[in-house]
Structures are given as structure tokens and as C-alpha cells.
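A.B. asks: what's the 3D shape of this:
(2 chains)
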Amino acid sequence: MLFLRFLIRNEKYVIETSKVVEVIPLVQLKHVPRMPSCVAGLCNYRGSPIPVIDLCQLVEVTPSRRFYSTRIVLVNYQDLNGEKRIAGLLAERITETIDLDDSRFIGSGVQNQESPFLAEVMTTENGIVQRIEIDSVLQNILSVTLSEDQAAVLS
Amino acid sequence: MTINTDNCWKTIGVWGNQTPRCPELDRVIHCRDCDVFSKAGRGLLERELPQDYVSERTELLARKKEVGSLEVMSAVIFRIVDEWLAVTTGIVQEVSDIRPVHHIPYTNIRKIKGIVFIRGELHICVSIGGLLGILKGDTNKEQDTQIDYTQRLIIISNDGQKFVFPANEILGTQRISLNELKSVPSTFSNSMSSFISNIFEFKGRTVGLLDEQRVMDGLKESLT
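C.D. replies: This next block holds a predicted model:
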């Protein structure tokens, strides 16, 4: 299975490429007030507003640095009502895809209820990579906090 | 801002043909497959984003995606005397330099020019100009007696049947959008329009797209 690899404070994380719509450069985001700090803002994607979550802020509580390799991954996800939506994930050094054996992911042995999106891990030649559950990230943050406010902002 | 300054490839040479030779090159052959090289390349992305770049990308992303016409075909465009013609790239097997054609007696001299040797194989050399009636009987015009460096032999094959024909000039393989194709005007001579399926404009020239099936059939007929 092919995964998109990126870095959050020099640690490697992966997400499944099957959920990725497009990887775009870091663009100007419209700041949305009164949101959790991990909500980086809204980007205008081909005329529609897409919420963008800063994974560095979410995971390590430091905003992504503004580098060329800091990119926005547009992903498909299902909100709590089961509707298909697109959201953006911001992370550093999005430059590689890697092919990993899906069955070799195992539980990390540590779990925090506040971060259910940090899923299983795998050891590779280049260190341990951890998988991020996109649906979990987005449902928690976007469906609950953003969707109503987002509608208000955009109307 | 961090850039890998260890630019070993500049001093050693990317092919390893300078001494001292990098031992890694035995394994990777060229620097582009070496980790040091690719890491340095990736390092270029670890630079601060300039604001004008961000603004430009923001504006581009906000626009609707421009989808060009997806329906395109590929054709090889060539010239016979003063007519520009094209065949679909799928049936072109090879384009070769011009070489001597050995005439075969008792054949239709207007359409069959003879046999030609290409890569150790004998091919039948035909005249598309003769078939289409461009040459009006004067088949020598396709291969001028004066040296013409633009002349080529085109090998076409379809259903296992191969033919070679000379062209005075080739414009190479071009992508043609299907909505550029127009029907053949009635002013075309009968013999030509029966072998041309469509016409299109290419860089100010009107090009006739050959109907490959009819051309192949016409050529096979002239063999008997």
C-alpha cells in the first residue's frame, strides 16, 4: 500500500495515498477566528472553501514552518453525517511517498484519549513511522467545531 | 535556511569519469541515483517561502482548473511534392534515411517503385503520391535527382502488411486535437479525397489525414 510521508517536528508520519486528492503548495489561508489553534484557516480551492488543519500544531503544538516543502494535502473524508467532503492537512517536508506493507502496522503500546488519530506504528529501515487516521482527525475537529461556524462564515 | 553544501558531484563528475572516482558510482552509475544527490535536491525545498510565491499559488489555486481538449490523436506529418499529408502514428513503424530503390520489372510503375533494403529486410517501396494522383505520372519527383537532405523513407505497417514510401520532408510526430479535424472539401480531386479522411491546419499548412485502411487496401490492390 502506498503512503504519503511527511514530518512533524522531524518525526515521520504517514497517511494512505488512497484518500489523497491532491498535494498543493502552501497558499494564503483565510484565518477563521475562535477556532482550535490547529485550524490553520480556509483555502480557496478552485472556487470552493476548504478547511485546512495544521498537523504540526495538532500533534506537536508548534505551527508548521513556512518552507517550500511544507504543503497542503487535500484529502477525502466523511463527516459525521456520512457526507463526502474535502479537507486540507498542512505538514512539513511532504516530498516522498513510500510503499509499506499494510499488515505490518502494530499498536504503539501507548495511547492517549485526546489523540485517537495517532494510530499504529511500523518500524522501517529509516526509523519508526506512525500512521495518522484522517477520518478521526477530521471528524473530531471539523464536523463538530467547524461545520456550523463555517457555514456562518461563508454565508 | 539549510542547504547541503557537500556538492561532491561537482568535483567528482556525475559519471565518475574523473579521478578520484567516487566508490558509490560503482553501485549507482550516475549521481542522480545517489542518496547524497537527492538529499541535496530535497534540501532546496527546505527554504523559506517568499511571499510573492505564496500569492501566486493562492491565485492559481483559486481559479477553475483549465482542462484542455482531452481528445487528441498523434499523427506523423510529411510532404509529398507540394502536398502535406499525415498518417496516424500507430501505423508508422519507422522513419529511415533515403536509400536506393531497386525497380522491379512488370509492375505498376506509378504506384510500385520497387524494393528497398532496410535493416536487412526487403520491403516493397510504394508511391503514396502515385496512389493519390499527386504526381500525375511523374514519380521521380518524389526522389529528386538533386540531393535533397530532407527526404526520408516512411515504413508503415497494418495487419502484418508493410509498405515503405518516400516523402520529401517530415514534420515529425504531432498531437492533433480531434476537434481541429475538418471534413474534406469537395474541391479536392476525386483520387485524393477517396484516400483522405479529414483535413486539419498545422502551422499554417493544410494537412490531409490519410485514411489508413483505404490507403492500405489501395496499396495491396496495386500489388496484384
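
A.B. asks: what score does residue A:71 have for pLDDT?
C.D. replies: pLDDT recorded at residue A:71 is 94.

A.B. asks: my bad, should have said residue B:163
C.D. replies: 92.

A.B. asks: what kind of secondary structure is the spatially most central residue of chain A in?
C.D. replies: Geometric centre of chain A, nearest residue: residue A:89, 3.6 Å, by CA atoms, centre = their mean. Secondary structure state of residue A:89, per DSSP: H, G, I helix; E, B strand; the rest coil, is strand.

A.B. asks: neighbours of the closest residue to it other than its chain neighbours, how many?
C.D. replies: Nearest residue to residue A:89, sequence neighbours excluded (CB to CB, 6 or more residues apart in numbering or on different chains): residue A:73, at 4.6 Å. Using the backbone N, CA and C atoms, a C-beta is placed for each residue, glycine as well. By the criterion of other CB atoms under 10 Å in any protein chain shown, residue A:73 has 24 neighbours.

A.B. asks: where exactly do the strands run in chain A?
C.D. replies: Ranges of strands in chain A, per DSSP state E, are A:2-8, A:11-16, A:20-25, A:39-45, A:48-54, A:71-78, A:84-99, A:118-124, A:127-132.

A.B. asks: got the domain boundaries for chain B?
C.D. replies: B:8-62, B:72-223 (automatic domain parsing).

A.B. asks: highest mean neighbour count out of those domains?
C.D. replies: domain B:72-223 (a mean of 16; mean count of other CB atoms under 10 Å in any protein chain shown).

A.B. asks: gap between the two ends of it?
C.D. replies: Using CA to CA, to the nearest Å, one end of domain B:72-223 lies 34 Å from the other.

A.B. asks: same thing with stretch B:204-219?
C.D. replies: End-to-end for stretch B:204-219, by CA to CA: 30 Å.

A.B. asks: outside of that stretch, which residues touch it?
C.D. replies: B:75, B:77, B:83-88, B:91, B:111, B:126, B:128, B:131, B:156, B:158-159, B:161, B:163, B:176, B:181, B:184, B:188, B:192, B:194-201 (CB atoms under 8 Å, 6 or more residues apart in numbering or on different chains).

A.B. asks: what's the mean pLDDT across that stretch?
C.D. replies: 90.

A.B. asks: one more: stretch B:43-54?
C.D. replies: Stretch B:43-54 comes out at a mean pLDDT of 90.

A.B. asks: next one: that stretch to chain centre, how far?
C.D. replies: Offset of stretch B:43-54 from its chain centre (CA atoms, centre = their mean, to the nearest Å): 39 Å.

A.B. asks: so is that stretch next to chain A?
C.D. replies: Yes - against chain A, stretch B:43-54 shows contacts by CB under 8 Å from any CB of the partner chain at B:44, B:45, B:46, B:47, B:48, B:49, B:53, B:54.

A.B. asks: farthest pair in those?
C.D. replies: The most widely separated members of these are B:44 and B:54, with 17.2 Å between them, by CB to CB.

A.B. asks: residue contacts, the residue nearest to the centre of chain A?
C.D. replies: A:15, A:52, A:53, A:55, A:72, A:73, A:75, A:134, A:137.

A.B. asks: looking at those, which is nearest chain B?
C.D. replies: residue A:72 (9.1 Å; CB to the nearest CB).

A.B. asks: neighbours of that closest one, how many?
C.D. replies: Neighbours around residue A:72, by other CB under 10 Å: 28.

A.B. asks: ok, and the closest non-adjacent residue to it?
C.D. replies: residue A:88 (4.3 Å).

A.B. asks: next one: residue B:188
C.D. replies: Nearest to residue B:188 is residue B:196, by CB to CB, 6+ apart, at 6.9 Å.

A.B. asks: do the same with residue B:98
C.D. replies: residue B:151 is the one closest to residue B:98 (CB to CB, 6+ apart), at 4.4 Å.

A.B. asks: that neighbour touches residue B:101, doesn't it?
C.D. replies: No - contact between residue B:151 and residue B:101 fails when scored by CB atoms under 8 Å: they sit 11.7 Å apart.

A.B. asks: who does the closest residue to residue A:3 other than its chain neighbours bridge with?
C.D. replies: Excluding the flanking residues, the one nearest residue A:3 by CB to CB, 6+ apart is residue A:14, at 3.8 Å. Beta-bridge pairing of residue A:14, defined through DSSP bridges, involves residue A:5, residue A:131.

A.B. asks: now residue B:157
C.D. replies: residue B:162.

A.B. asks: shouldn't it be in contact with residue B:91?
C.D. replies: Yes - using CB under 8 Å, residue B:157 is in contact with residue B:91, at 6.4 Å.

A.B. asks: residue A:93 and residue A:55: what is the separation?
C.D. replies: 12 Å (CB to CB, to the nearest Å).

A.B. asks: how about residues contacting stretch B:73-90?
C.D. replies: B:92, B:95, B:128-129, B:132, B:134-135, B:141-142, B:152, B:154, B:156, B:167-176, B:178, B:192, B:196, B:200, B:202, B:205-210, B:212, B:215.

A.B. asks: what about these, which are in helices?
C.D. replies: B:128, B:129, B:132, B:192, B:212, B:215 (DSSP state H).
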